[in-house]
Structure formats: C-alpha cells, structure tokens
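J.: Okay, structure incoming, though there's no sequence with it:
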C-alpha cells in the first residue's frame, strides 16, 4: 500500500478556500480508502471525511458538510480535500491516511499516515 504525502496547507483568511492534496508515494491508491483527519493544538485527532476508490459516496463529519469536498484524480493517483468557507476553528494540522476497506472515523483502522500539513485560518 502506498505512503500518503500531503501538501497544500497554508494561511488563509476566514471565508477563504484551500485545496489539500494527498499523493501516493511508492504505490497506488487504487482499490484503497482514504481518510482525512485534523488535529488542533491540545485536541485529539478528529475525523474530517473519508472515501473509497471504488465507492463514489464520501463521508463527512457534520462540522464540514457543505463546505469540504473529497475528490480524486485517478490519473495522478491523488486525493484532494477542497475546503471552502473556512473558519478559524478549522485551524489544525491535516492528515490523510489509507485503509484497505474503511473510510470512517476510527484512526486505528488506517494503516498508513502522511506527515500532515498545517492549515491556519486567521485574519
């Protein structure tokens, strides 16, 4: 299974947008599931959303529904997290993680984790 590598974080004003990328290193994401998580200082790692390569219906946590979208580019072997209408409370380190068949919120169901990318929402 491929090692995920995140990119695309940065500083954005409230109401702005960012797109995070999660690329596969040393393999492929085909026939895998991907979870996006975030961790703010002093808080536990939180599920953001997840999707499986063969299943077209991503899951999202309630706080990001309607604002965040998970998509993928099969040709680039990359999964994206488009984040719109960002709020200060979205500030966190964002991680992507891979699993064979799981796309839910349990962190121990994911096998490989990226190094994380910082997202800061501030004016």
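T.: That came through fine. Please read these numbers as outputs of a predicted model, since none were measured by experiment. Numbers count the residues shown, from 1 in each chain.

J.: so where's this protein shaky on pLDDT?
T.: Residues of the chain that meet the criterion pLDDT under 70 lie in 1, 55-56.

J.: what's the nearest residue to residue 109 if we skip its chain neighbours?
T.: residue 102 (4.3 Å; CB to CB, 6 or more residues apart in numbering). Yep, even glycine has a C-beta here, placed from its N, CA and C like the rest.

J.: again with residue 46
T.: Residue 46 sits nearest to residue 38 (CB to CB, 6+ apart), 5.4 Å away.

J.: and the residue nearest to residue 109, how far is that from residue 33?
T.: Separation of residue 102 from residue 33 (CB to CB, to the nearest Å): 6 Å.

J.: which of the two has more neighbours?
T.: Using other CB atoms under 10 Å, the more surrounded residue of residue 102 and residue 33 is residue 33, with 22 against 18.

J.: and the more buried one, what are its bridge partners?
T.: In this entry, residue 33 is beta-bridged to residue 52, residue 99, by DSSP bridges.
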